[in-house]
Every structure is written in C-alpha cells, then in structure tokens.
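# Sequence first, then the predicted structure:
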Amino acid sequence: MEEAPPIIEMRNIKKSFGAVQALRGVDLALRHNEVLGLVGDNAAGKSTLMKVLSGAYIPDEGDILLEGDAVYISKPEDSRRLGIEMVYQDFALTNNLDVAANVFLGREAVRWRLGPVRVMDRRLMEVEARKVIDNLGIDIDSVQLKVQNLSGGQRQAVAIGRATAFNAKVIIMDEPTAALSVAAIQEVLDLVNELKAQGCSIIMISHRLEDIYQVGDRVIVLRHGRKVADCPIAGDIHEFREQIVAYMIGARDDFAEPVVG
Amino acid sequence: MTDQIAKPAASTKGPSIPRKGLTWRFIFGRQEIGLLAIFLLWCAFLSLATDTFLTSTNIFNMLRAFSWIAIAAFGECLVILTAGIDLSVGSNMALSGLAAALLLTAGMPVWVALVGGLLTGSIVGAVNGALATRFRLPPFIATLGTLSIARGITFGATQGWPVRKLPKAFNFIGQHDVPVGSWGVPFPVIVVLILAVLVSLFLSRTVRGRHIYAVGGDEEASRLSGINPNWIKMLVYTSCGLMAAIGGILMTARLGVAAPTAATGYELDIIAACVIGGVSLFGGEGTILGVLIGAAFMQTIRTGLNLLGIQAYWQPAAIGAVIILAVMFDQWRKGGGWRDLKIFSR
C-alpha cells in the first residue's frame, strides 16, 4: 500500500549554539492526523527542534518537508503561513495588550488600507476572539482584559486559542500542561483530542508521560540532541513509562533508525 | 489576510462585546484623567495667584513654546513605547532647523528648505534606528552619541554663529496666527493638534501602531508572532527624527534665527513630558493624549514659576521635583496604594 507522505518531515536537523550542539542530526516525521509526543530530559533538544520547525531558530543543516515538498522556514511568519502553529512554553503573549489583540497579534484583521497604513477592524477581532475563547470552553470574562490580569491557566488557553484560530494544520505545543492545575491539565488534554478530531496533526512536548500516553499515538525520545527512540504508544502505561524513561536517561540505547526505502 | 479568520463554528451563545465608547468607565478608568485634574488645579491656582496667567497673550505665548516640545514629545513617545529612548531629539531639533535656515540663506525657496529640514531630522532618526537595531547598541548610548554629533554639526556648520535674516515667508509658519473666530490661534498650535490626532489614531487604530505597543510589551513574543521588531524600531526612531524636525523648524521660524545652541537640554523636557503624561519607560504603555497633557503641564510649570516671581535659577529644581512627583503618582495609581511604593515597608 502506497502511503501518503507525512505532513511534516524533518531530516537530519543540526543546530549549534556556540560550542553547544543542541541538535546533532535529528529526523522527525509527523503523519496526518497524528498526535506525536516528543519527550526527553532537560536540554535534550526538544524545544530547539520545535523552534526550528516554527521558524524561531534557523537550523545549521537539514531539510523540512511539508506533505513531501521541501519548504524553507526562516522566520515565524513563514511557518504560520504554511499552517504550522506553535504554542510556546512561556506562552509568548504580550502582557500589556488585551486578549483579542493577542489572539490576532501579527495577523490583525484589516478594515481598510491606504498604502502602507492598515486600519484594523477591532470589533471584528473582538467578536472572533470571543468565539475562539468560547469554542475552547475557556473561562475568560472579556476579551478586552489585558493578559497581565489573567491567571496562568487562562494565559495558556489564550495561547492555544491563538494557535487554533487560523486553520492550523499542524500545532506544536511546548509543555502545554506544565504550568497548570490538575483540572486545567485535563481540559488541555481534552482540547488536544478535540483538535485531532477536527483534523489537526499535533506535536506535544511534555515531561508528563501520562499525558503523552493518554492522548498520543506515537512518541519520539530525544537525548543529547539525538533521536534515541521512535515508537507507537501501545500497551500498559507502566511498561510504556519504564521503556521511555530508560531511553530518556540513556539506560537503554538500542534504537536503530529504520531504513526509509 | 482577513479571509483566514473564523474557522470556529458560530458559538451557541452570541458573543456580547461591549462597544468601547464614551462611557464613564472609559473616562475615569484612564490615567490621563488624574493628570488632567492636577493640571487644571495648577492652572486654576496660577490664574488666582497671578494677574497675568489667564490673559490671551500669555496663553498663546505658552502654547507657542509648548508646541515644539509637544511635537517632539509625540515622536519620543513612539520610541519610548518600544522600550527605547531617544536622547538626540533636542540636538536634532536644532540641526533640522539649522538645515532649513542654511538652505534659505543659500537662496532656496521655502518649500525646499522645509523638505531639507524634515529630511535632515528623519536621517538622524534613521541613523538612531540603525544603531539600535543593526548595530545592536543600547538606544541610550546610540542616541547619546548622536546627540553630541548633531550638536557638533550645528556648531561646525555655523562656526558658532547664529544664522539670521531668514525670509519672512519662512518665519510666517512660526509666527502666523490663524484666525479662529475672534481669536488668533498660532499656526504651530494647529500643527500640534493635527499631529496629536494623527499619531493618536495611528497608535490605536492601525496594525503598525498596535505592533509598536506589542514590541514594547514583549519583544520576543512579538517576534514569535510574526512581527519584525527591528522594522518597528526603525519606524519609530525615524518618525521621532521627523517629529523633532517639525518641532525644530517651527521653533526656528518662530524665533527667526537658527542658533547652534538652540533647544539645548530640550531632550529632558521632552522625555519628562512623556513620563509625566504616563508613558512607561519600560515600554508598551502610554498615549498621545497623556503626552499632550504632560507637555502642557511642563510649559505651565515653567511659565507659572516665572509669573509667580520665582528666580529662573531655581526652576530646574522645581521641575525635577514635579517629574518625580508625577511618576510617583502614576505608580500609586497603578499599584492602588502608597504601600506599593515601598517607602514605608521594610
């Protein structure tokens, strides 16, 4: 059976910061409508890899393919235009602006333009932001609230809302549950399932293996800037956890890259 | 780009967004109101304490002098909103005014002189922007340098002598009063009002305006949202230079002479006008309305101290105290109490 090309394929990605080799040639494939867990110990290169995909970092080497076609992502705008959205761990919201402004930041609705001057349609943005917030079932009184007045969970929700507001094909979430209460974590996981049901493909970085186990289809483990495991999520959660942790800490290193043929 | 919006299906409960408008909350929830109240109290005090404050001559003299500072402060406000600073505005006012004056004395028509002056100011601004972005200098250092360079050029180009005998047609723009009813409103004041409206609308209604606030609020988050912070910075520093040039040309036309020492130390008044007006030096917060009130406040303090018979030598001390008090007031308003000032806490 001929398989469709993965929606995202990253090949041999390398990235160094000074003398530190953060990524030493990582391959990653994300299939259509898949939830891929990306795990690894601190400084394994998870966030760096995802920032390469979102255009926040430019890789030293390597290729990125979107549905089989090579794409060049040199800035966050590029990835967004391709339908790749990233929810950053620190949310990447501007606290001095309100919720609606943050949802539309960098993609403001324009009412009319006169040469380089683009006048925003503020009301449309507020109405649409309200819809996004309501659709995700997020409890925020007003989209005119400044982000600095929101709780951590609400900020996370705004960040996810922003990523989902523009027909994203691929959503990357960097530790979406790290800063949240137990109830809020379940809401985020439900949200991931909902996004998958809507047809999105999702990459989720998390320290919480039970979250990956609950919503993920497959998991990739990074260690010291290298991929050390890539396997479907199956079986019992305890076995799963044991196996993944073994790869994360380097107790087990028997992963052979399958030959792509 | 707008057609990408609205993937979410219509929600069941209709979104209710209160329209922003002239509601009581809109009026009193704003920082400008407290400032305006204090400003009006100060004006009321001056008009009771002196016979001369509330005369039309005095008011229009104040408005003329205030207009240069206000215009330059609008530009400065844009820069400070991105968490930057431009110390070169005073020198730039002098240099731009001088450039216009030199073109006039070289026999150029007035419009060429105006364009030349505005271009000079914009170039100084663009240099500031380039130093702060491409060359990654802290704006404080970059503009401290250009402050000195621009001032040095004014001295060098004139050998220290003021440029006089400017044509009447040029001085007209600084000295002409536009009849409005039975009043003659100075032309520079009209320029201030027009610019205040334009810059205010630009900041609140346009995409670029919002991006200025975003860059000031969180530069990295803005970058990740697809905004180019360096582009925005180039825009604000260049605009600041242009505004300084407008102020400098109006000043030169009003005085009828371009002195190499003109506008010395104005950068402090201009930054003070912004800060008193509620523009946060940390970036991302402030409005043109606030700056307008702040600039008016600065001017009435200067004039008021004169009218009250306080020696000019003592005035800088008084103005310094007012700046400190204004910022303390702003902190108190934001923090919701004096305790947050941490004066009395351990």
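Arrived safely, thanks for sending. Numbers count the residues shown, from 1 in each chain, chains lettered A, B, ... in the order given.

# Any regions of the chain where pLDDT drops low?
Chain wasn't specified; assuming chain A. By pLDDT under 70, the low-scoring segments of chain A are A:1-2, A:256-261.

# that answer is for a different chain, and I need it for chain B
B:1-31, B:333-346.

# Let's check: the centremost residue of it is which one?
For chain B, the residue nearest the mean C-alpha position is B:Ala73 (0.9 Å; Cα atoms, centre = their mean).

# Can you tell me the element that one falls in?
Following DSSP states H and E, one finds B:Ala73 within helix B:56-81.

# swap in B:Val124?
If you go by DSSP H and E, B:Val124 is part of helix B:110-133.

# follow-up on the earlier one: can you give me the angle the helix holding B:Ala73 makes with helix B:110-133?
Put simply, helix B:56-81 runs at 40 degrees to helix B:110-133, going by axes from the mean of the first three to the mean of the last three Cα atoms, to 10 degrees.

# Buried ones in helix B:56-81, by neighbour count?
Using 16 or more other Cβ atoms under 10 Å in any protein chain shown as the test for burial, helix B:56-81 gives B:58, B:60, B:62-81. Heads up, the C-betas are built off the backbone N, CA and C, glycines and all.

# Check stretch B:260-277 too.
For stretch B:260-277, burial by neighbour count (16+ other Cβ under 10 Å) applies to B:260, B:262-263, B:266-277.

# which phi and psi does residue 246 have?
Using chain A. Per-residue torsions, A:Ala246: phi -60, psi -40 (degrees, to the nearest 10).

# do the same with A:Met10
Main-chain dihedrals, A:Met10, degrees, to the nearest 10: phi -110, psi 130.

# So A:Arg241 is in contact with A:Arg208, correct?
No - using Cβ atoms under 8 Å, A:Arg241 is not in contact with A:Arg208; the gap is 10.5 Å.

# And the two? Which one has more around it.
Using other Cβ atoms under 10 Å in any protein chain shown as the criterion, A:Arg241 and A:Arg208 rank with A:Arg208 on top: 17 against 14.

# which non-adjacent residue is nearest the more buried one?
A:Thr177 (5.9 Å; Cβ to Cβ, 6 or more residues apart in numbering or on different chains).

# Ok, B:Gly129 next?
That would be B:Tyr237: by Cβ to Cβ, 6+ apart, it lies 3.3 Å from B:Gly129.

# tell me which element that neighbour is part of?
Element membership for B:Tyr237 (DSSP H and E) is helix B:229-255.

# State whether the residue nearest to A:Arg208 is indeed within a helix.
No - under DSSP: H, G, I helix; E, B strand; the rest coil, A:Thr177 sits outside any helix and is assigned coil.

# which residues does it contact?
Neighbour list for A:Thr177: A:Ala184, A:Ile185, A:Val188, A:Leu189, A:Ser206, A:Arg208, A:Asp211 [criterion: Cβ atoms under 8 Å, 6 or more residues apart in numbering or on different chains].

# Which one (most neighbours) among these?
A:Ser206 (23 neighbours).

# Excluding sequence neighbours, find me the nearest residue to it.
Take A:Ser206 and drop its neighbours on the chain: the residue closest to it by Cβ to Cβ, 6+ apart is A:Ile212, 5.5 Å away.

# How about the residue of the stretch 51-200 of chain B at minimum distance from chain A, nearest residue that isn't a chain neighbour?
For the stretch 51-200 of chain B, the residue closest to chain A is B:Leu81, as judged by Cβ to the nearest Cβ, at 9.7 Å. Leaving aside its sequence neighbours, B:Leu81 sits nearest to B:Gly216 (Cβ to Cβ, 6+ apart; 4.7 Å).

# Not counting the helix or strand containing the one you found itself, show me its contacts.
If you go by DSSP H and E, B:Gly216 is part of helix B:207-217. Residues from elsewhere that reach helix B:207-217 (Cβ under 8 Å, 6+ apart): A:94-97, A:101, A:105-106, A:108, A:110, A:116-120, B:78, B:80-83, B:202-203, B:221-222, B:225, B:227, B:229, B:232-233, B:235-236, B:282-285.

# Filter these down to just the ones in strands.
A:Val110, A:Val117, A:Arg118, A:Val119, A:Met120 (DSSP state E).

# Just the closest of those residues to chain B, please.
Of those, the one sitting nearest to chain B (Cβ to the nearest Cβ) turns out to be A:Arg118, at 4.3 Å.

# mind listing what that closest one touches?
A:Glu108, A:Val110, B:Thr206, B:Val207, B:Arg208.

# Could you report the separation of it from B:Thr206?
Using Cβ to Cβ, to the nearest Å, A:Arg118 is found at 6 Å from B:Thr206.

# Equivalent analysis for A:Lys146, please.
Distance from A:Lys146 to B:Thr206, by Cβ to Cβ: 20 Å.

# got the contact list for the nearest residue to B:Thr158 once chain neighbours are set aside?
Among residues not flanking B:Thr158 along the chain, B:Pro260 sits closest, at 4.9 Å (Cβ to Cβ, 6+ apart). Contacts for B:Pro260 (Cβ under 8 Å, 6+ apart) come out as B:Ala94, B:Leu98, B:Arg151, B:Thr154, B:Phe155, B:Ala157, B:Thr158, B:Gly160, B:Trp161, B:Pro162.

# among these, which are in helices?
If you go by DSSP state H, the contacts of B:Pro260 have B:Ala94, B:Leu98, B:Arg151, B:Thr154, B:Phe155, B:Ala157, B:Thr158 in helices.

# Among those, name the buried ones.
Of the ones in helices among the contacts of B:Pro260, these count as buried by 16+ other Cβ under 10 Å: B:Ala94, B:Leu98, B:Arg151, B:Thr154, B:Thr158.

# Of all pairs in those residues, which one is the farthest apart?
B:Arg151 and B:Thr158 (11.4 Å; Cβ to Cβ).

# Please identify the residue most distant from the middle of chain A.
Max distance from the centre of chain A (Cα atoms, centre = their mean): A:Leu114, 35.7 Å.

# how close does it get to chain B?
10 Å (Cβ to the nearest Cβ, to the nearest Å).

# and that residue, bridged to which residues?
A:Val117 (DSSP bridges).

# List the buried residues in stretch B:185-195.
Buried residues in stretch B:185-195 (16+ other Cβ under 10 Å): B:Val185, B:Pro186, B:Phe187, B:Pro188, B:Val189, B:Val191, B:Val192, B:Leu195.

# Count the residues that sit near A:Arg226.
For A:Arg226, the neighbour count with other Cβ under 10 Å is 17.

# what do you get for A:Leu82?
20.

# tell me the contacts of it?
Contacts of A:Leu82 (Cβ under 8 Å, 6+ apart): A:Leu66, A:Val71, A:Ile73, A:Lys169.
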